[in-house]
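Visitor: With the sequence up front, the predicted model follows.
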Amino acid sequence: MMRAWRRLFLAVGLAVLLGGCLEVAQYPAYENGAYAGKKDDQAPARKFSNNQAAWQAAVSTRTGFQNEYLRAKP
């Protein structure tokens, strides 16, 4: 019985040690003090041809459909 516990402890310890060693850094790349990644377009510019009013109307409409008080019929 003691041998089984010892094997279990060693297996778990090895898994923890290897799991910590395989962690990948998740920080964005910076070059010359500025972010070097892809430009992040804003939602109105991408889907609504930079029309802020249409984007806000679409968001408020979508929010209204998620409101349980408006959806439920008492």
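Guide: Good, I have the coordinates.

Visitor: and the longest helix along the chain, what's its mean pLDDT?
Guide: Longest among the helix segments of the chain by residue count, using DSSP state H, is helix 2-21. Here helix 2-21 scores 84 as its mean pLDDT.

Visitor: Any buried residues in it, and which?
Guide: Buried residues in helix 2-21, counted by 16 or more other Cβ atoms under 10 Å: none are found. Glycine gets a C-beta too; all of them are placed from N, C-alpha and C.

Visitor: Just checking, which helix or strand succeeds it along the chain?
Guide: Downstream of helix 2-21, the first helix or strand assigned by DSSP states H and E is strand 30-31.

Visitor: Parallel or antiparallel, list what pairs with the next helix-or-strand element following that following strand.
Guide: The first helix or strand that comes after strand 30-31 along the chain, using DSSP H and E, is strand 34-35. Looking at strand 34-35 with DSSP bridges, its partner strands are strand 30-31 (antiparallel).

Visitor: List of residues touching the strand it pairs with?
Guide: Contact with strand 30-31 is made by residue 36, as judged by Cβ atoms under 8 Å, 6 or more residues apart in numbering.

Visitor: Distance from it to the middle of the chain?
Guide: Relative to the centre of its chain, strand 30-31 is centred 22 Å away, using Cα atoms, centre = their mean, to the nearest Å.

Visitor: model confidence over that strand, on average?
Guide: 77.

Visitor: cool, stretch 45-53 as well?
Guide: Rounded mean pLDDT across stretch 45-53 is 82.

Visitor: where's it relative to the chain centroid, distance-wise?
Guide: For stretch 45-53 - counting by Cα atoms, centre = their mean - the centre lies 24 Å from the chain centre.
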